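Colleague: Sequence first, then the predicted structure, then my questions.
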There are 2 protein chains.
Amino acid sequence: MKDVAARAGVGLKTVSRVVNGEAGVTADTERRVQEAIEALGFRRNDSARVLRKGRTASVGLVLEDLADPFYGPLSRAVEEVARAHGALLINGSSAEDPDREQELALALCARRVDGLIVIPAGADHRYLEPEMRAGIATVFVDRPAGRIDADVVLSDSFGGARAGVAHLIAHGHRRIGFIGDQPRIHTAVERLRGYRAAMEDAELAVDDAWVSLGSTEPRRVREALAAMLSGPNPVTAVFAGNNRVTVTAVRELAGREGPVAFVGFDDIELADLLGITVIAQDAAALGRTAAERLFRRLDGVDDAPARTVLDTVLIPRGSGEIPPAQEVSAQGRRPR
Amino acid sequence: MKDVAARAGVGLKTVSRVVNGEAGVTADTERRVQEAIEALGFRRNDSARVLRKGRTASVGLVLEDLADPFYGPLSRAVEEVARAHGALLINGSSAEDPDREQELALALCARRVDGLIVIPAGADHRYLEPEMRAGIATVFVDRPAGRIDADVVLSDSFGGARAGVAHLIAHGHRRIGFIGDQPRIHTAVERLRGYRAAMEDAELAVDDAWVSLGSTEPRRVREALAAMLSGPNPVTAVFAGNNRVTVTAVRELAGREGPVAFVGFDDIELADLLGITVIAQDAAALGRTAAERLFRRLDGVDDAPARTVLDTVLIPRGSGEIPPAQEVSAQGRRPR
């Protein structure tokens, strides 16, 4: 749009008026702007949103799980940015299935969304390249894009998990368990990497029996927890890889004899009342940052794709500050 | 489709094969089916889903708030039914704004969804009549449609609130407060009506100072709660009109001196650990029932619009079984 304005010898506002068919532009000015647009081959992705008229602008959001409360504030933040830009938000869910993600993303493109925000389930997004070349701005959030160059907005999963596990180590724990989501999920692997880094920083060996990645179904989490809390070398503390694991783990630990320290990745509602120490991501900031980047693209900003990583915050509330059972015992008190 | 099959002298499966362009139908049979379709003027709403080919079927869901965890299981249940029918689900949110609801619902129709499930923000849905006449099956869920005749799936807000307040009365409470959502929201009004009915059933007068409807923002709920817990005639128990009110009320009550009994409409995650007594709706059943009704319509079922009301369940967990402070005192114990 800047080039059009310069070539036509008018301001940006005038170009905007012409492409939007607004009043207040003389016939001569309008002709000059139109000529400049044609001369420059004003591409659709330079300003997709303002060029295509006659209907409401819209952006699509491909979620991973409609029932995970983590995505609520993220979706709402995207919606608020979209609304501030006069655009509708249309969502759908991949239900953590790469084929479904592709089907949904392409269906949203076919329904002519102007831009797309994707929380990827899959690891290969080359299927989106033709859409992106055709001008559909695309930003990935929560997890990176696979095999394509695109804007990405992430939380610091590695650093957050490392800080959470270091917190448990600082409270005296040496045998710490990690329960995470499925190993094909980027954030699960990054958080496990953070766990291993914190253990290594403290020169603590990790017993294979202390690490469990898999489904976040309650049954799987209960079994993983029971296994690492029993056996010859049981853990005294547990780090949970996300909020779904936390909910089950906290419920199980509440029903157990003896204290087990706990830190979870992701804040959850009423964790303050339950005294659950967490590594909190700012889900709303993830959504807002991704949406703002998308609309910058739709407004014609054409710089190289960027990777933005948002910090996490450790919120101590009690569960992560419990000393190991043995230490309590050594001080003359008995484990409950 | 039944009429087409009868007229062509073939089975339903054959009609389905013809309209879906599947193999296994002779040219003669195909011609007879096509003639029957033309003769009967096979309307789009008789089988919109199977007639329009060349793209994925889709249904739209107009939500009220993307960040409210109540809608997570509802949305996921709709998605599961849609997937079982080979259709994509596309969501959007009205953010509790009637204009936004209309804009979004019509935008989804313009993007050619086959059917629409609406959690209404507004009270007048006549704007959807042309779309419904054009064959877009529409089902309302959680709140009824306004000024049109349509399928509706609701929870028993009135009966649930009445049972919850009766539970508090059965535990000795006479002065019970009600904090609900905004009075233009159908469920808020129904639950208040349930509260009043339970009080009347027990021949208890309701002080105006005990009832507060309004925004579910934490600050508003805190102020409403503080007001009804102070003054000359303070309540000894509180009934919350939905999960957003519950979260703030429970947090406030936890920080207070002296016991206040509490029952909330809607279950919330980890309410079991916090001992919160609730009237639980089955959010997944609401979504599933609405979606199944929608797909029956899309499969050509053409009976009169129905209103389905799902039962709620009282789950006692401690907070609703606390006796009034005075009764404790009268028994020789002091209120904490």
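Modeller: Yep, that arrived. It should be emphasised that the depicted structure is a prediction, and the values quoted were computed from it without experimental measurement.

Colleague: Was I right to think A:Arg174 contacts A:Ala325?
Modeller: No. With contact defined as CB atoms under 8 Å, A:Arg174 does not reach A:Ala325; the gap is 11.9 Å. No exception for glycine: its C-beta is placed from N, CA and C like everyone else's.

Colleague: between these two, which one's more packed in?
Modeller: A:Ala325 (18 against 15; other CB atoms under 10 Å in any protein chain shown).

Colleague: Which neighbours do A:Arg174 and A:Ala325 have in common?
Modeller: Counting by CB atoms under 8 Å, 6 or more residues apart in numbering or on different chains, the residues touching both A:Arg174 and A:Ala325 are A:Thr236.

Colleague: now the strands for the stretch 51-200 of chain A?
Modeller: With DSSP state E, counting those that start in this stretch as the criterion, the stretch 51-200 of chain A has strands at A:57-63, A:87-93, A:115-118, A:137-141, A:151-155, A:176-180.

Colleague: Redo those strands as CSV? Include mean neighbour count and mean pLDDT.
Modeller: Formatted as CSV, the strands of the stretch 51-200 of chain A follow (neighbours: other CB atoms under 10 Å in any protein chain shown; pLDDT from 0 to 100):
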stretch, mean neighbour count, mean pLDDT
strand A:57-63, 26, 94
strand A:87-93, 25, 92
strand A:115-118, 28, 97
strand A:137-141, 26, 97
strand A:151-155, 23, 98
strand A:176-180, 27, 98
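
Colleague: Of the ones you listed, which is nearest chain B?
Modeller: Of all the strands of the stretch 51-200 of chain A, strand A:87-93 sits nearest to chain B, with 4.0 Å by CB to the nearest CB.

Colleague: same for that closest one, what does it pack against?
Modeller: On a contact count with 3 or more CB pairs under 8 Å, 6 or more residues apart in numbering or on different chains; DSSP states H and E, strand A:87-93 meets strand A:57-63, helix A:71-84, helix A:98-110, helix B:71-84, strand B:88-93, helix B:98-110.

Colleague: and with 6 Å instead?
Modeller: Under the contact criterion of 3 or more CB pairs under 6 Å, 6 or more residues apart in numbering or on different chains; DSSP states H and E, strand A:87-93 touches strand A:57-63, helix A:71-84, strand B:88-93.

Colleague: Switch those over to a markdown table; also include distance to B:Ala82.
Modeller: Output for these, formatted as a markdown table (distance: least, CB to CB, whole Å):
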| stretch | distance to B:Ala82 |
| --- | --- |
| strand A:57-63 | 14 |
| helix A:71-84 | 18 |
| strand B:88-93 | 4 |
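
Colleague: in the stretch 201-336 of chain A, which spans are helices?
Modeller: A:218-229, A:243-254, A:271-274, A:283-298, A:325-330 (DSSP state H, counting those that start in this stretch).

Colleague: per-stretch mean pLDDT over the ones you listed, give me the minimum one.
Modeller: Among these, helix A:325-330 has the lowest mean pLDDT, at a mean of 54.

Colleague: Next up, the contacts around the most centrally placed residue in chain A.
Modeller: For chain A, A:Asp142 is the residue whose C-alpha lies nearest the centre (CA atoms, centre = their mean; 1.9 Å). Listed by CB atoms under 6 Å, 6 or more residues apart in numbering or on different chains, the contact set of A:Asp142 reads A:Ile119.

Colleague: Sounds good, over and out.
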